[in-house]
Every structure is written in C-alpha cells, then in structure tokens.
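Visitor: based on what follows, work out the 3D shape:
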Amino acid sequence: MDQPNSLSFGRRIARRAATQTLAATLLATLAVPTLGQTAKAQDAQARPTVMSASEIKGLNKKVQAWMDASLKHNNATSPRARTKASKKKRQARDKFTKDWKSRAKKHGDLLKSVPDLEGVFRDAFPYPSTKAMKGQVAAVNTKGTSLKYDAFIPKGYKPAVGHRVVIQLTGLDESGDEFVKPRDHFAKTWQGSPLQDDTIFILPPLDAALDLDASPDFAEPGEEAKDMERRKALFQVAGFAQRSLNFDRSRMILDCGKGSCRFGMRMATYFPTRFAGLILRYPEEAGIRYESLCGMPVLLVKKAGADNAQFIDDLAKQLNELSAGSCKVVEASDDYPFAAAQGEISKWTKEVQRDLFRSKVVIAPNHDLYHKAYWIELGTVEPLDSVAKEDRPYLEAVVNKEENKIDIKTKSVSSFVMLLNDDIVDLDKEVTVVVNGVPEKQKRSRQFSLLQKLIWSRFDPNQLFTVEWRMSVPAEKE
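Guide: Predicted coordinates for the structure are as follows:
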C-alpha cells in the first residue's frame, strides 16, 4: 500500500478542517422527518406477522402519539411549555411501553418479526396539513428561509400517508450554457403521466454557475467548498420538503437531465441509502467508482448513435454484473429529454422501491466523508488520496441466509459497523461473519433501545435495526 507523503497529508488535514462545518450543515439537512412504508412494509399483508392487525394498529397509534409528543417537546420555546410537553411525552411513551410489553408477553420477542415492526412504526411522525396548490406545479412557501423551489403535489395528497417522490434535476438548454427552467423541463418529461395521481415532484432551481457535472479534485484548495454548494442545491431543498410533506422514503427517486447526470450519480454513490432509484436521461462518464450503486434500480435512457451510447452500454453491464437486473436501458425513439419514453419511465418508476435489508452491499467511497450504505458503515479507512487507485477503500458484504453467514471483503478498511435485524440474518442463532477469510461467530441480542435511537435520530421509521455489531478488520498475514 502506498504511504502518504507529507504534502498529501497536510492537504488532507487542511481540507478536513475546512469542510467539517460545511459537512455538518449538509448532513443536518439530510436528517429530517421522513416517513413512509418500506417495500416490504407495503407487502406486509403477504408476509406473516406475529400480532394481529388490530394489535399492530393499536401499537402504531401509540407510537404516533409518542413521536408527536416528542416533537412538541423538542419544539417547546419556554421552560413552562417544555415542562408540560415533557410530561406528555413521558405519558405517551409509557402507554406505548405498557402495550408493547403486554404484546411481547403474549407473542414473545416482537423485535424478531420485521413485518410486525414495519406495521408498528409505519408513519410514526406527524406531518402538518398543507395549503399548497395541488394538482399543478406551483412555487412552495418557504417562509423563513432563502430557499426557492417548485413542487407538484397530487390532488389526493394526505399528510398521514407516505407518497412516492421524484426529485427532478433539470437539464441544460440547447446552448449548454443555462439550465432549462424546472417547470418547462417537467412539462416535457412528466406532464400528463399517470404518476401525477399519487406522486410528489420536487423541482429545485439550478444555477449553471454551479457546474453540477464538474469532476472535482478534492485535493485542490477550495474544491470541497465549491462541491458543497452543489450538494446543497439538491439537499437543502429536499431537506425542507421532507419537513413539510410526507415522503415515502422507500420510493424516493432522483431524476437527472443532461448536465446533471454526473452529479446525480455522484450523489447516489455518496448516499445510496437515500434513493430508491436513479433516472439518468443523458448519462456520461463521471470519473467515479460506480460500485456503491450495487442493487440500486437505475434507468438509463439511450438514443441510438448518441455520443454517450457506448458509455450507457458499459455502465449497464457493470451494474447488472454487480446485481443482476438492477439496471434498465430504455431505447428512446425521440430526442432528449425523451418525452416519448414517458410511459416506460413511469412504469419503471412505479415499480422501484428501496430495500434497506438487501443481501448484498458494496461500499466504494468517492469522498472521504461519505462511507455509509444500507446496513453497513465504514469506520476507520485510508483517505482516498493517500493510497494508489487500486488500493482505495472498498467493502463488499454478501449474506448467505441458509448458513446464517455474512462474507465480507475489504481493502484499506480497518473497521466497520453492521446494523442487523432478522430480515438479514437469524438473530436467534449464532451468526458467522467472515472478514477477508477470517471467521468470527457470535450470538447477538436484539435491543429495542437501538431501534428507538435509530428511528428517532434519523427521523426514519424504516430504520428497523435491532443489533449493532462493530468489527475490526483482521490484520493481513505477512
């Protein structure tokens, strides 16, 4: 492994110090109240549950009351109001705990059944009613912020139910100098789609000066700050929208136009857990590693004879080799932005869902700050610019449910954390984890406190993990 020289090391230290505040700002916009059912939650009726439907519904109502009281407690502005809210929060929590213990006494360890947990914690957080114009694209009231963006909210939107979400990044105009206005781009791509009956569309404005599709070299001074501004263009709008509208996090799709596809691919590799799918209307080589997209549904629109046709074929092949069938190529019969392909794109969008508990996870970081995917997070790793290209940090985890085993291969990774539940492995039994050929067996206990912490801290009731397992990578034998 290449050793870092003093100049490289100095650049890394300076860059990290300069970006911590910016990174914290971005991550704060990501950890917002977001609701909805997971793909498996929507199929819960087809999967066996331990409790009856009425028992699950009763616990679900108590969870919602508890989360509502918790939010009111957090938002209390005076000591008196906070004291009053604290009492209601404690009472709501105690009612849930009492009912939970009663059901557990009858049915056994409820943490074992993920379908039951999905029902109990579904739509746990409250959302306000909205006065926004429904059934058409309209400017969103962002009073108190400097944000400006448009959105399409379906006529049948209800705050109590999670809705599919498409975040659409517009494309460059014919001159290539300016981004098409989001409303105009929407009219040429989604207007008239059957998805408008039940889908929220978020349309952030984009500034060509951001140069979204740039390939940043983070070793250069100031490059991280520039790229943070690009990320904020997407995530600050998405963060605000998620605070006010009930996003179904298992069905949040990122749709990228010409001039924003490279950026969209980078963001999907930074935050693969965030998106249920990725639509790329004019993908081009981004100069990044694509392995972190393993298993994410990706739709590529291809026009025969176009400059990017070969890249599309190569990318589709790579993604489908990582996870068979994960990448679909739509052959366009018209010109960009491919209005004639709306039917195929809509059908694909309607079918894709996020799977948090997938049996294969790959993390190939493209940034030193973003090392998380689904149920694994890297701990100590080598900085990207301190190692040779072939030695950059990498982790691949594959679950063998029949053997209750997880095989993990790593490179330039010293430690990692796994979040597990009984949809990933059977926690009633000893779990074998093989890291770079070295096995370790343990029986881990489920913890309600972990599940509660993850749901609350991430404001995501789909984070139904009951075991946290921290591991060090065995040293290589000389």
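Visitor: mind listing the helices for the stretch 51-200 of the chain?
Guide: 53-75, 79-107, 114-121, 182-189 (DSSP state H, counting those that start in this stretch).
Visitor: point out the most buried one among those.
Guide: Stretch with highest mean neighbour count among the helices of the stretch 51-200 of the chain: helix 114-121 (a mean of 24; mean count of other C-beta atoms under 10 Å). Bear in mind the C-beta positions are built from the backbone N, C-alpha and C, glycine included.
Visitor: contacting residues around that helix?
Guide: Identification of contacts with helix 114-121 by C-beta atoms under 8 Å, 6 or more residues apart in numbering yields 37-38, 40-41, 44, 47-51, 53, 56-57, 59-60, 63, 110-111, 357, 421-423, 451, 455, 461-462, 464.
Visitor: pretty sure Asp307 sits in a helix.
Guide: No - per DSSP: H, G, I helix; E, B strand; the rest coil, Asp307 lies outside any helix segment and is coil.
Visitor: how far away is it from Phe179?
Guide: Separation of Asp307 from Phe179 (C-beta to C-beta, to the nearest Å): 20 Å.
Visitor: more crowded one of those two?
Guide: Comparing Asp307 with Phe179 by other C-beta atoms under 10 Å, the one with more neighbours is Phe179, at 22 against 9.
Visitor: can you verify my assumption that the more buried one contacts Ala208?
Guide: Yes - counting by C-beta atoms under 8 Å, Phe179 touches Ala208, with 5.7 Å between them.
Visitor: where do the contact lists of these two overlap?
Guide: The overlap between the contact sets of Phe179 and Ala208 (C-beta under 8 Å, 6+ apart) consists of Leu172.
Visitor: residue contacts, the nearest residue to Trp66 once chain neighbours are set aside?
Guide: Setting aside the residues directly before and after it, Trp66 is nearest to Ala92 in space (C-beta to C-beta, 6 or more residues apart in numbering), at 4.2 Å. Residues near Ala92 by C-beta under 8 Å, 6+ apart: 62, 65-66, 68-70.
Visitor: can you put those in TSV and add distance to Arg183?
Guide: Output for the contacts of Ala92, formatted as TSV (distance: C-beta to C-beta, whole Å):
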residue	distance to Arg183
Lys62	43
Ala65	40
Trp66	40
Asp68	35
Ala69	40
Ser70	38
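Visitor: tell me the one of these nearest Thr189?
Guide: Thr189 has its nearest neighbour among those in Asp68, at 37.2 Å by C-beta to C-beta.
Visitor: that closest one touches Pro126, doesn't it?
Guide: Yes - contact criterion C-beta under 8 Å: Asp68 and Pro126 qualify, at 4.7 Å.
Visitor: Lys429: how many residues sit nearby?
Guide: Applying other C-beta under 10 Å, we find 10 other residues in the vicinity of Lys429.
Visitor: which residues touch it?
Guide: Lys429 makes contacts with 404, 443, as judged by C-beta under 8 Å, 6+ apart.
Visitor: pLDDT value on it, please?
Guide: Lys429 is assigned a pLDDT of 97 by the prediction.
Visitor: same thing with Ala388?
Guide: For Ala388, the model assigns a pLDDT of 95.
Visitor: could you report the neighbour count for it?
Guide: Neighbour count of Ala388, defined by other C-beta under 10 Å: 9.
Visitor: phi and psi next, for it.
Guide: Dihedral pair for Ala388: phi -60, psi 160, per degrees, to the nearest 10.
Visitor: and the gap between the residue nearest to Trp66 and Leu71?
Guide: For Ala92, the distance to Leu71 equals 11 Å [C-beta to C-beta].
Visitor: what's the closest non-adjacent residue to Tyr370?
Guide: Of all residues not flanking Tyr370 in the chain, Tyr270 sits nearest, at 4.1 Å (C-beta to C-beta, 6+ apart).
Visitor: quick check: that neighbour touching Asp368?
Guide: No - the pair Tyr270 / Asp368 is not scored as a contact, 10.9 Å apart, by C-beta under 8 Å.
Visitor: now render the contacts of Ala92 as TSV, adding distance to Arg444 and pLDDT.
Guide: Below are the contacts of Ala92 laid out as TSV (distance: C-beta to C-beta, whole Å; pLDDT from 0 to 100):
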residue	distance to Arg444	pLDDT
Lys62	27	97
Ala65	31	95
Trp66	26	94
Asp68	32	93
Ala69	31	94
Ser70	28	92
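Visitor: which residues touch Arg82?
Guide: With contact set as C-beta under 8 Å, 6+ apart, Arg82 has these partners: 73, 76.
Visitor: so Arg243, which state does it fall into?
Guide: Assigned with three-state DSSP, Arg243 falls in the helix class.
Visitor: what's the burial count for it?
Guide: Counted by other C-beta under 10 Å, the residues lying close to Arg243 total 15.
Visitor: so which elements touch the top strand by length along the chain?
Guide: Longest strand of the chain, by residue count under DSSP state E: strand 247-256. Secondary-structure packing of strand 247-256 (3 or more C-beta pairs under 8 Å, 6 or more residues apart in numbering; DSSP states H and E): helix 39-42, strand 163-169, helix 261-270, strand 277-280.
Visitor: mean confidence score for the second one?
Guide: Strand 163-169 shows a mean pLDDT of 97.
Visitor: where does the residue nearest to Ala276 when sequence neighbours are not counted land in three-state SS?
Guide: Excluding the flanking residues, the one nearest Ala276 by C-beta to C-beta, 6+ apart is Arg354, at 4.0 Å. Following three-state DSSP, we place Arg354 in the coil state.
Visitor: tell me how far Arg354 lies from Arg249.
Guide: Distance of Arg354 to Arg249, computed by C-beta to C-beta: 7 Å.
Visitor: could you check how far Lys317 is from Leu300?
Guide: Lys317 is 11 Å from Leu300, by C-beta to C-beta.
Visitor: more neighbours, those two?
Guide: Leu300 (22 against 12).
Visitor: partner residues bridging that one?
Guide: Leu280, Val329 (DSSP bridges).
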